Every structure is written in structure tokens, then in C-alpha cells.
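# This is the structure alone, sequence omitted:
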């Protein structure tokens, strides 16, 4: 958890855009890495916003009889809003509220660090496989 931003640092000088996918809980775990990414040229960071710590909530539901501690979005574990954090670093912010929003992103148009926040269902059940969603061609 919380390593995707740090692992993207070696891709700072890539000629092609790099896509990084990270959860909202992990995003806030490694905020300090955003400063290291300021020199990146073509980086799209997709933050999955499920109101924080969905994987941990699934574990607590399965093994702790749904006794949620520090992970449920209506408790005191609320995460800050991502948009002001992104803008404070001078990065471009894109909200993603539908598949159509995601399909409109063209990786060829990413010319600086761009952070897209995908708003997801905080009650999403665990998935046994990862669905393939095409990031758009920009058309």
C-alpha cells in the first residue's frame, strides 16, 4: 500500500505518458512523493476514490464480522479532499464520475503531471478479476 507514486519516479523522463493507479488511502499515505514528481513531464495518476481504505474494509467485514475500525467513511477516518491537494502542487486535476469521462482521456494529450480522481462506490464488493476499461482515444 502506498507505493505507486514512489514507483513512478523512475518514469519522470519518459517520452510517452505513464499511467499510475492508486487508491485514495494510499494516495494520502505518500503525499510527500508528489514533490518528487513535480519535474515529471507526462504522468497520469488515477486516484480511485472509494472514500478510503476499501481493501481494509473488506478484510474487516470478512474476518471481524463487519466491525470497522478507522476505515469507514462515516466515521472519523474521513480523508481530505483530493482536488485542493493536487492544485497546491500545481498539477492538473480531472474529476472522473463516469466511464465516459475516463474514455475521453487521451494519454497522448498528457503533457504534465495530471491527477484524475475517479469517484467509485464505497460499498464496491471485492472483485475476483480486474475488468478491462479502455482509457479513451480522446475522441
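Received, thanks. This structure is a prediction, so every number in the text was calculated from the model and none was measured.
# ranges for the helices of this protein?
For the chain, applying DSSP state H gives helices covering 4-8, 24-29, 32-36, 54-63, 82-88, 99-103.
# Check those for me: which has the lowest mean pLDDT.
When these are compared on mean pLDDT, helix 54-63 scores lowest, with a mean of 73.
# on that earlier part again, got the helices of the chain as CSV, with distance to residue 119 and mean neighbour count columns?
To be clear about C-beta, it is placed using only N, CA and C from the backbone, and glycine gets the same treatment. Listed next are those as CSV, based on distance: least, Cβ to Cβ, whole Å; neighbours: other Cβ atoms under 10 Å:
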stretch, distance to residue 119, mean neighbour count
helix 4-8, 19, 17
helix 24-29, 10, 20
helix 32-36, 20, 14
helix 54-63, 13, 16
helix 82-88, 10, 15
helix 99-103, 10, 14
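# what's the closest of those to residue 45?
Smallest distance to residue 45 across the helices of the chain (Cβ to Cβ): 7.1 Å, for helix 4-8.
# Tell me the helices and strands packed up against the closest one.
strand 18-23, helix 32-36, strand 43-49 (3 or more Cβ pairs under 8 Å, 6 or more residues apart in numbering; DSSP states H and E).
# Would you format the helices of the chain as a markdown table with distance to residue 114 included?
Shown next, in a markdown table, are those (distance: least, Cβ to Cβ, whole Å):
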| stretch | distance to residue 114 |
| --- | --- |
| helix 4-8 | 13 |
| helix 24-29 | 14 |
| helix 32-36 | 13 |
| helix 54-63 | 23 |
| helix 82-88 | 9 |
| helix 99-103 | 13 |
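# hey, which of the helices and strands packed on helix 4-8 is tucked in deepest?
strand 43-49 (a mean of 21; mean count of other Cβ atoms under 10 Å).
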